[in-house]
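In: build the 3D model from these lines:
(2 chains)
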Amino acid sequence: MKVTGSEALIKSLLEEGVDTIFGYPGGAIMPIYDSLYSYMDKVNHILTRHEQGAIHAAQGYSRVSGKVGVCFATSGPGATNLITGIADAQIDSTPLVCITGQVPSHLLGTDAFQESDVIGISMPVTKWNYQITSSQEIPEIISKAFYIAKSGRPGPVLIDITKDAQFSGLNFKYKRCEKIRSYHPYPILDENKVSDAAKLIDKSKKPMILVGQGVLLSNAEKELLEFSEKSGIPMASTLLGLSAVSCNHKNYVGYLGMHGNYGPNVKTNECDLIIAIGMRFDDRVTGDTSKYAINAKVIHIEIDPSEIDKIIKTKVAINADAKEALINLIPKINKRSHEGWINEFKECDKLEYDKIIDKEINNKEDKILMAEVVNKISNLTKGNAIVVTDVGQHQMVTSRYYKFNKPNSNITSGGLGTMGFALPAALGSKIGKKNREVIAIIGDGGIQMTIQELATISQYKIGVKILILNNNFLGMVRQWQELFFDNRYSFTEMENPDFNVISDGYRIKNNIVENKKDLDDAIEEFINFKGPYLLNVIVEKEENVFPMVPSGESVSNIRLE
Amino acid sequence: MKGKGIYQVKGSEKKIKEYTLSVLTEDKAGLLNHITIIFNRRKMNIKSLNVSTTEVNGVSRFTIVVNSTKEKIIKILNHINKLIDVLGAFLYEENEIYFQEIALYKLSTKIFMKGDIVEKIIRKHGAKILEIEEEHTIIQKTGSKKETQNLYNDLDKFGGILEFARSGRVALSKKKRKTINFLKELEKTKSNKLNI
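Out: The predicted structure follows:
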């Protein structure tokens, strides 16, 4: 069938099962948007208000649904505006296919209007990128793009298509990519390594499982539980691993890292075996690596070979998909219980509760604390909502206090720490999982980085709940200035706009809470409202997030105050 | 060592040595950039780099020489192996490869013709006279960097070197392996999809 390149692109996306595209048109991608016009009944396109909004929305969509997120942008500034989201997706392993328009091929390299070398620019932050200059290439390259984005350790792929390739014709035939000889996304599992791991597990006295996002990406939640329940080993979660296991599970001992729970951090240096599953020992998890897991042997289950031994030396490395590895590991281990060891975590929890949690959630002061707001939302939604967070104090508080109960429910910018992520990611999440409650929890700093996406939410009536934890500060930076820079609050205080008036401007229902007595009712209305809703909660100005492992220190030095 | 897949170092090898990476890739535009970005990110200098075709159509070979600790170069190697269009990256120490460089020396013909001393030097170093023109003479020498440098030093004494250029290292492993068999192994793999 003879079609234009741009129509071939849309047809290829349909072949890959794409139902939603987030994007923003412009000169060099106009032929594609023109073809899209004819396919409006088959594919949903969401016009965001900035390309960064489009890509974060695609990320949210992908992370809740497990599907590849797709976004469109034009050449030049359209393409460069995607870069932050691409880098975010790369470091957080989110499968995306980004399509950018490009100037006609005869103008490449001439500094043509809206030309940018997006292939060069995106090279270090994409899993793969490719420039199409001939329409003939479109079906094959798009099928490759989806295969690469989704398989193995997922990641973003960028395909740049010159305008002439969009216009010219081809005979459309589509074949899904199943193999690339230079690309081996699923390493063959080494059974011997699994047996070695099983021996270490059976011998260990104080073992600990570190749950990473790899568990979610490989859909290994069930196998993880089976593994933990059979071995009796406690599970701690990284930031991106949150929600892989219910926070209420008896073997779940909390959240790891700089602002994680007390128990899993201090016990890292008391345990004798670490079983790290689909995680990459980020510095926010390890602190000082020379004083990390000092008494422990390490088993690392990881699909990406370049992550193995990158930060922490392993005793046994299982280079495989997490689910496949666990399926093979479970029958090889003995049924055991580690009750005494788990009780040690419970004692830590008690200490943390007395020193921090109790004071925060049962706060007697007039001023509202972030923790009590998140705790109320967690209770009201029974931990069943999808929670999308931005970056900073509110993010750490949410990670600590929201009791996730369902997988793929914690959508946040982890590795890159991208402020401005949450609002667009939340709208994408809601589109990806229409039947679930989606709550965006955002600081007053972060929301202003992508606040224009309120227009997208309003136009498409996307029923996300937007909670601003508003302290008129860039809170996390301020906290560091207080603790490590002698209270010198250099450019962290903000005079904010009236978020409620802004919300009115975007025709989004909203409310503000300044007094604690109004909090319960306001949160209830916020949760129960059908449709988008923005709740602006004025919180204590100078609140600090504890526990805290000071940057570059050992996890043992976690501070409770 | 194997190509795609996992490289691991036992213990911590902190000694800085010269390593040669031999990277087989699909013949794709932009790959050079992809590979050098990985070195650049870790602030590692490339001592020499050569890109050439191989005996297999459509397959290129990058030969990269660096000074590094084993630990650091293996992390880089694992990253290179992750690139979609890289067929396999191999790491070698000097005793595991045959390697050569080529150097060209442009001398003024006047100096070259001054007695037979220059000719003796050229002979001593096993170099070759490529071209004698009225103005200048081109000498060619293949060998290790040390050997081409020694010739340079000897010639330099006469002050007659007008221009000098040295190529990147080319290297072949001492192993029996053939590229085509390595590619066949890659084609056979079942690691293209999840086997559960």
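
In: A:Leu242 and A:Gly85, how far apart?
Out: 21 Å (Cβ to Cβ, to the nearest Å). Using the backbone N, CA and C atoms, a C-beta is placed for each residue, glycine as well.

In: more neighbours: the two, which one.
Out: A:Gly85 (34 against 26; other Cβ atoms under 10 Å in any protein chain shown).

In: list the residues that contact the single nearest residue of the stretch 1-150 of chain A relative to chain B.
Out: Going by Cβ to the nearest Cβ, chain B is nearest to A:Trp128 of the stretch 1-150 of chain A, at 4.5 Å. Neighbour list for A:Trp128: A:144-145, A:148-149, A:155, A:157-158, B:84 [criterion: Cβ atoms under 8 Å, 6 or more residues apart in numbering or on different chains].

In: and the strands in chain B?
Out: Along chain B, the stretches classed as strands by DSSP state E are B:17-26, B:48-53, B:59-68, B:86-92, B:97-108, B:128-132, B:136-143, B:161-166, B:170-173.

In: mind listing what's buried along the third one?
Out: Think strand B:59-68. By 16 or more other Cβ atoms under 10 Å in any protein chain shown, the buried positions in strand B:59-68 come out as B:59-66, B:68.

In: within range of chain B, give me the residues from the stretch 201-350 of chain A.
Out: Within reach of chain B by Cβ under 8 Å from any Cβ of the partner chain, the stretch 201-350 of chain A has these residues: A:304-306, A:308-310, A:313, A:317, A:319, A:321, A:323-324, A:327.

In: break chain B into its domains for me.
Out: When chain B is parsed into structural domains using automatic domain parsing, the resulting residue ranges are B:17-92, B:99-166.

In: any chance of the strands of chain B in CSV with distance to chain A as columns?
Out: Compiled in CSV, these are given as follows (distance: least, Cβ to the nearest Cβ, whole Å):
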stretch, distance to chain A
strand B:17-26, 6
strand B:48-53, 16
strand B:59-68, 10
strand B:86-92, 5
strand B:97-108, 23
strand B:128-132, 36
strand B:136-143, 32
strand B:161-166, 28
strand B:170-173, 19
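
In: on that earlier part again, max pairwise distance over the residues of the stretch 201-350 of chain A next to chain B: which two?
Out: Farthest apart among those by Cβ to Cβ are A:Lys313 and A:Ile327. That separation is 26.1 Å.

In: surely A:Leu47 touches A:Gly26?
Out: No. Counting by Cβ atoms under 8 Å, A:Gly26 is not a contact partner of A:Leu47; they are 11.9 Å apart.

In: tell me which of those two has more neighbours.
Out: Taking other Cβ under 10 Å, A:Leu47 and A:Gly26 do not tie; A:Gly26 has more neighbours (20 against 16).

In: and that one, how far is that from A:Ala455?
Out: As for A:Gly26, its distance to A:Ala455 is 18 Å (criterion: Cβ to Cβ).

In: how about the residues of chain A near chain B?
Out: Counting by Cβ under 8 Å from any Cβ, chain A comes close to chain B at A:119-120, A:123-124, A:127-128, A:148, A:151, A:178-189, A:304-306, A:308-310, A:313, A:317, A:319, A:321, A:323-324, A:327.

In: now, those that are in strands?
Out: Short answer: the residues of chain A next to chain B in strands (DSSP E) are A:128, A:317, A:319.

In: which among these gets closest to A:Val537?
Out: Nearest member of these to A:Val537, counting by Cβ to Cβ, is A:Trp128, at 42.3 Å.

In: tell me the pLDDT at the closest one?
Out: At A:Trp128, the pLDDT value in this model is 98.

In: hang on, isn't A:Val387 packed against A:Thr398?
Out: Yes. A:Val387 is in contact with A:Thr398 according to Cβ under 8 Å; the separation is 6.1 Å.

In: which neighbours do those two share?
Out: Jointly contacting A:Val387 and A:Thr398 under the rule Cβ under 8 Å, 6+ apart are A:Ile441.

In: backbone dihedrals for the residue nearest the centre of chain B, please?
Out: Closest residue to the average C-alpha location of chain B: B:Arg169 at 2.8 Å, with Cα atoms, centre = their mean. Dihedral pair for B:Arg169: phi -70, psi 140, per degrees, to the nearest 10.

In: now do A:Ile442
Out: Torsion angles, degrees, to the nearest 10, at A:Ile442: phi -140, psi 150.

In: burial count for B:Thr148?
Out: 24.

In: ok, A:Ile318 next?
Out: Counted by other Cβ under 10 Å, the residues lying close to A:Ile318 total 28.

In: my guess is it meets A:Asn192, correct?
Out: No. Taking contacts as Cβ under 8 Å, A:Ile318 lies outside contact range of A:Asn192: 10.0 Å.

In: quick check: the residue of chain B most remote from its centre vs chain A, distance?
Out: Distance from the centre of chain B peaks at B:Ile196, with 41.5 Å (Cα atoms, centre = their mean). Distance of B:Ile196 to chain A, computed by Cβ to the nearest Cβ, to the nearest Å: 5 Å.

In: quick one: that residue from A:Asn471, how far?
Out: 47 Å.

In: swap in B:Lys110?
Out: Distance of B:Lys110 to A:Asn471, given as Cβ to Cβ: 81 Å.

In: neighbour count for the two, which is higher?
Out: Set B:Lys110 next to A:Asn471 and count neighbours by other Cβ under 10 Å: A:Asn471 wins out with 27 against 12.

In: tell me the contacts of that one?
Out: Counting by Cβ under 8 Å, 6+ apart, A:Asn471 touches A:393, A:443-444, A:538-543.

In: okay, those in CSV with distance to A:Ile502, neighbour count and secondary structure next?
Out: Listed next are the contacts of A:Asn471 as CSV, based on distance: Cβ to Cβ, whole Å; neighbours: other Cβ atoms under 10 Å in any protein chain shown; DSSP: H, G, I helix; E, B strand; the rest coil:
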residue, distance to A:Ile502, neighbour count, secondary structure
A:Gln393, 22, 24, helix
A:Gly443, 15, 28, strand
A:Asp444, 12, 23, coil
A:Ile538, 15, 17, strand
A:Val539, 18, 26, coil
A:Glu540, 23, 16, coil
A:Lys541, 21, 13, coil
A:Glu542, 25, 13, coil
A:Glu543, 24, 22, coil
